[in-house]
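K.L.:
after the sequence you'll find the predicted model.
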Amino acid sequence: MPFADAPAESDTEPPEAADAPPEPAAASPEPAGPPPEPRPGAAGPGTGPDTGTEYTGTAPDTGAEDTLDLKLTEELLAPVGRERRRVAAATGSASCGELLTDPGTWPGATTPAGTFHLVPVVLERDLALISGWMNDPAVAAFWELAGPDSVTADHIRTQLEGDGRSIPCLGLLDGTPMSYWEIYRADLDPLARHYPARLHDTGIHLLIGGVDHRGKGLGTSLIRAVADLALDNLPRSGRVVAEPDLRNTPSVAAFLSAGFRFSAETDLPDKRAALMIRDRTYRDHL
């Protein structure tokens, strides 16, 4: 699952292809102690009011990770069901206990590059644009979804028709679609087998589409903005996690600059990843 500020997960050209990663292994425990010092020059956009931006079409062409299929067991569903019933009883609402809230209802985020919104993907409207990005060689090196539109459609449709644990979105900057995001429940994802997951951990995957949006540090600003949006709008989530390919050092650097900390290296089925975590507790200090 790749992030990309240069089609896939970087602000520069992607690294050369590497051999397949070793067999999956458990991630190392997270290091104890205070968080690392913030990286110089880290962007810190705040969250602004919703500007009412509405996206109804496609945009200029061109450029991160795959949520694998994991069946929800009764053990995993039990706390979700209890939480759903508790919230419904407290609020009188039957819809407040969903696995994730709709990112399309989140307010816009003010970034140095403009106002940023997440808009859930509508397959019929957005497929051609996203598939074009997936076929960019720099993106395909990490997402591995190059090919006819049906390849990308199958990947997105699995999420749209699933149980709501992963929501594919377009990222709009001042109303222009320029990135693809997946907001997902990391504690219910296969990733949870490879790190010490906590209930309601939120995961993000992303790619920046369009050459004109790459290599400018935009990825750092948007990663920080989306992490802030997730923490603001998912109050039960204490952390936002990501797992960029360890070979993609510009991607790892972008997450560090966006307030994430490097937790561990971990072997996933398709790559060796850097486990990056942004804690709610330290969000104002990184």
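P.N.:
Yes, it's here. Numbers count the residues shown, from 1 in each chain.

K.L.:
keeping just the C-alphas, turn stretch 213-233 into PDB.
P.N.:
Backbone C-alpha positions of stretch 213-233 (Å, rounded to 0.1, in the frame of the first residue of the first chain) are rendered in PDB as follows:
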ATOM      1  CA  HIS A 213       1.500  18.500  -7.800                       C
ATOM      2  CA  ARG A 214       4.600  16.400  -7.100                       C
ATOM      3  CA  GLY A 215       8.000  17.200  -5.800                       C
ATOM      4  CA  LYS A 216       6.900  20.300  -4.000                       C
ATOM      5  CA  GLY A 217       6.400  19.100  -0.400                       C
ATOM      6  CA  LEU A 218       2.700  19.000  -0.900                       C
ATOM      7  CA  GLY A 219       2.500  15.500   0.400                       C
ATOM      8  CA  THR A 220       3.700  16.500   3.800                       C
ATOM      9  CA  SER A 221       1.000  19.300   4.100                       C
ATOM     10  CA  LEU A 222      -1.800  17.000   3.000                       C
ATOM     11  CA  ILE A 223      -0.700  14.100   5.200                       C
ATOM     12  CA  ARG A 224      -0.800  16.400   8.200                       C
ATOM     13  CA  ALA A 225      -4.100  17.800   7.200                       C
ATOM     14  CA  VAL A 226      -5.800  14.500   6.700                       C
ATOM     15  CA  ALA A 227      -4.300  13.100  10.000                       C
ATOM     16  CA  ASP A 228      -5.700  16.100  11.800                       C
ATOM     17  CA  LEU A 229      -9.100  15.700  10.100                       C
ATOM     18  CA  ALA A 230      -9.200  12.000  11.100                       C
ATOM     19  CA  LEU A 231      -8.300  12.800  14.800                       C
ATOM     20  CA  ASP A 232     -10.800  15.700  14.800                       C
ATOM     21  CA  ASN A 233     -13.700  13.700  13.300                       C
END
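
K.L.:
list the buried residues of it.
P.N.:
When burial is assessed from 16 or more other CB atoms under 10 Å, stretch 213-233 yields the following buried residues: 213-215, 217-231, 233. Where C-beta positions appear, they are placed from N, C-alpha and C, glycine not excepted.

K.L.:
also stretch 267-286?
P.N.:
Of the residues in stretch 267-286, those buried by neighbour count under the rule 16+ other CB under 10 Å are 267-268, 270-280, 282-283, 286.

K.L.:
so Phe116 touches Ala225, yeah?
P.N.:
Yes. Judged on CB atoms under 8 Å, Phe116 makes contact with Ala225 at a distance of 5.3 Å.

K.L.:
quick check: neighbours shared by the two?
P.N.:
With contacts defined as CB atoms under 8 Å, 6 or more residues apart in numbering, the residues shared by Phe116 and Ala225 are Ala109.

K.L.:
quick revisit: in helices only, show me the buried residues of stretch 267-286.
P.N.:
Taking DSSP state H, every one of the buried residues of stretch 267-286 sits outside helices.

K.L.:
which one of the residues you listed sits closest to Glu98?
P.N.:
Nearest to Glu98 among the buried residues of stretch 267-286: Arg280, at 20.1 Å, using CB to CB.

K.L.:
do you have the strands of the stretch 51-200 of the chain handy? List them.
P.N.:
Secondary structure of the stretch 51-200 of the chain, counting by DSSP state E, counting those that start in this stretch: strands at 109-111, 114-120, 166-173, 176-185.

K.L.:
among those, which is nearest Met134?
P.N.:
Of all these, it is strand 176-185 that lies closest to Met134, at 8.4 Å by CB to CB.

K.L.:
what helices or strands is the helix or strand that that closest one is followed by leaning on?
P.N.:
Proceeding C-terminally, strand 176-185 gives way to strand 202-208 as the next helix or strand, assigned by DSSP states H and E. In terms of contacts (3 or more CB pairs under 8 Å, 6 or more residues apart in numbering; DSSP states H and E), strand 202-208 is packed against helix 137-143, strand 176-185, helix 218-233, strand 239-242.

K.L.:
so strand 202-208 versus strand 176-185, what angle?
P.N.:
Between strand 202-208 and strand 176-185, the angle comes out at 150 degrees (axes from the mean of the first three to the mean of the last three CA atoms, to 10 degrees).
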